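# Sequence and computational prediction follow.
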Amino acid sequence: MKACLSILTVLLMAAGLAVAGQIDGKWVAERTMNRGGQDVTIRQTFELKSDGSKLTGTVSMQFGQMEPRTMQIQEGKIEGNKFSFKTVMETPNGSMTSVYEGTVEGDVLKGTSRREGGQGQGRPFEAKRVPAS
């Protein structure tokens, strides 16, 4: 009986790591917003890597034709298909921390990002996996 429980535990742990590994890679999300009467495309690129339950990588954000700004992922976690992490962007008005939470659903990340300390539910995003070349 102990042997069966040990084997089951190892299999469940391996399955959890396999799911965590599904987040590894490059993902892209795009959305359009109106700024000053003009539509601007915001492109986010997520470069993600899991190591057990730890999630690391970067998030690059590009507003329209501006150069992208890249931020390191902080406090990244992954449990099963759920992930969470923070990024910090330096702005002329000081640091802005964003909190990301969501799920891996095949080749799509679905989640929300919100400003830490901000009000509301956050802004939804959907990022698609970029095939490895």
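On my side now, so go ahead.
# Flag the shaky bits of this protein, pLDDT-wise.
Within the chain, the segments meeting pLDDT under 70 span 1-21, 120.
# what about the strands in it?
Taking DSSP state E as the test, the strands found in the chain are 25-35, 38-51, 54-63, 69-72, 74-79, 82-91, 94-105, 108-115, 123-129.
# Would you mind giving those as JSON lines with mean neighbour count added?
All C-beta atoms are positioned from the backbone trio N, CA, C, and that covers glycine. Converted to JSON lines, the strands of the chain look like this (neighbours: other C-beta atoms under 10 Å):
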{"stretch": "strand 25-35", "mean neighbour count": "14"}
{"stretch": "strand 38-51", "mean neighbour count": "16"}
{"stretch": "strand 54-63", "mean neighbour count": "17"}
{"stretch": "strand 69-72", "mean neighbour count": "14"}
{"stretch": "strand 74-79", "mean neighbour count": "16"}
{"stretch": "strand 82-91", "mean neighbour count": "16"}
{"stretch": "strand 94-105", "mean neighbour count": "16"}
{"stretch": "strand 108-115", "mean neighbour count": "16"}
{"stretch": "strand 123-129", "mean neighbour count": "16"}
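# distance of the nearest residue to residue 117 once chain neighbours are set aside from residue 80?
If you skip the residues right next to it in sequence, residue 117 has residue 97 as its closest partner in space, 7.7 Å away by C-beta to C-beta, 6 or more residues apart in numbering. When distances are taken as C-beta to C-beta, to the nearest Å, residue 97 and residue 80 turn out to be 25 Å apart.
# Next: residue 29.
On the measure of C-beta to C-beta, residue 29 and residue 80 end up 21 Å apart.
# Residue 25 too?
18 Å.
# circling back to that earlier point, was I right about the residue nearest to residue 117 contacting residue 116?
Yes - applying C-beta atoms under 8 Å as the test, residue 97 and residue 116 come out as touching, 4.0 Å apart.
# Spit out the residues that contact the two alike.
Listed contacts common to residue 97 and residue 116 are residue 86; contacts here mean C-beta atoms under 8 Å, 6 or more residues apart in numbering.
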